[in-house]
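# Quick check, what structure comes out for this input:
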Amino acid sequence: MTIDLSFLSGLGVDAATGRSYTGGQEKYISALQRFFKSYEKNKKNADAFYEKKDYENYMITVHSLKSNSKMIGAEELSGRFEQLEIAARDGDTVTIDREHARTMELYAKLIDGLRPIGEAETVKPADEISGDEARDVAEQLLAALDDFDDDLSAELVKKLSGYPFRLTQREKLKSATEYIGDFMYDEAAGLIREIVGAIE
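Residues are numbered from 1 along each chain as shown. Here you go, the predicted model:
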């Protein structure tokens, strides 16, 4: 499927940055669609935690929104969520009260702008794998690392990269790949174990 992404710059979204984070055009469009489809749940959670003054869960929610916004190239929105995350971590309720509604309005505006992509036919990259497949591959990868099998480990980590991880986990997977290349199997295994917890 060919989708013209030139309109994204008018929404404050840098498609080139998004493609670099997600690994290419198909994966980027898939990430944009997931970002769009997760809006209702994320908005509901952020608003509920804000209203309840549950700042610990609020911080976790806006941290995730910060990473997801950054991954699609929405730097301004990502920065605003980061400001809320830091405020929640520091107990700065004045900043949260001042910025929450404004940030959520910017989020809603971006979602509305992404509607043509979000409501288009779902794009699934050829190498994308499901959560169940990813957990299975991760188990095989940990066994391969335990056996010091660098060829199999490299093959499995490449397959695991087909799972649509968030930015933080994607960066950990990249570091694990580098560790495997340097024969640092324990360090790679540690990162893979952290990543497995993020597979849905």
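# With adjacent residues omitted, what lies nearest to the spatially most central residue of the chain?
The C-alpha lying nearest the average C-alpha coordinate of the chain belongs to R166 (Cα atoms, centre = their mean; 2.2 Å). Nearest residue to R166, sequence neighbours excluded (Cβ to Cβ, 6 or more residues apart in numbering): S67, at 5.2 Å. No exception for glycine: its C-beta is placed from N, CA and C like everyone else's.
# number of nearby residues for that neighbour?
20 (other Cβ atoms under 10 Å).
# And what about it, helix, strand or coil?
Three-state assignment for S67 (DSSP: H, G, I helix; E, B strand; the rest coil): helix.
# In this structure it contacts L167, no?
Yes - counting by Cβ atoms under 8 Å, S67 touches L167, with 4.5 Å between them.
# Tell me where the protein is predicted with low confidence.
Low-confidence segments of the chain (pLDDT under 70): 1-2, 125-126.
# residue ranges of the helices in it, please?
Assigned by DSSP state H, the helices in the chain fall at 15-22, 25-37, 39-52, 55-71, 75-90, 93-113, 115-118, 131-146, 150-160, 167-181, 185-196.
# In the last one, which residues are buried?
Looking back up the chat, that one is helix 185-196. 185, 187-189, 191-192, 195-196 (16 or more other Cβ atoms under 10 Å).
# number of nearby residues for the nearest residue to R115 once chain neighbours are set aside?
With sequence-adjacent residues excluded and distances taken as Cβ to Cβ, 6+ apart, R115 is closest to F36, at 7.3 Å. F36 has 21 neighbours, counted by other Cβ under 10 Å.
# try A120
A120 - counted by other Cβ under 10 Å - has 14 other residues nearby.
# What's the separation between the nearest residue to it once chain neighbours are set aside and G118?
Of all residues not flanking A120 in the chain, I3 sits nearest, at 6.5 Å (Cβ to Cβ, 6+ apart). Using Cβ to Cβ, to the nearest Å, I3 is found at 11 Å from G118.
# Same question for S69.
Taking Cβ to Cβ, one finds S69 at 15 Å from G118.
# More neighbours: which of the two?
S69 (25 against 17).
# What residue in this structure is the furthest from its centre?
D147 (30.5 Å).
# what residues are up against the closest residue to L77 other than its chain neighbours?
Using Cβ to Cβ, 6+ apart and skipping residues adjacent in sequence, the residue nearest L77 is S69, 4.4 Å away. When contacts are counted by Cβ atoms under 8 Å, 6 or more residues apart in numbering, S69 touches 35, 75, 77-78, 81.
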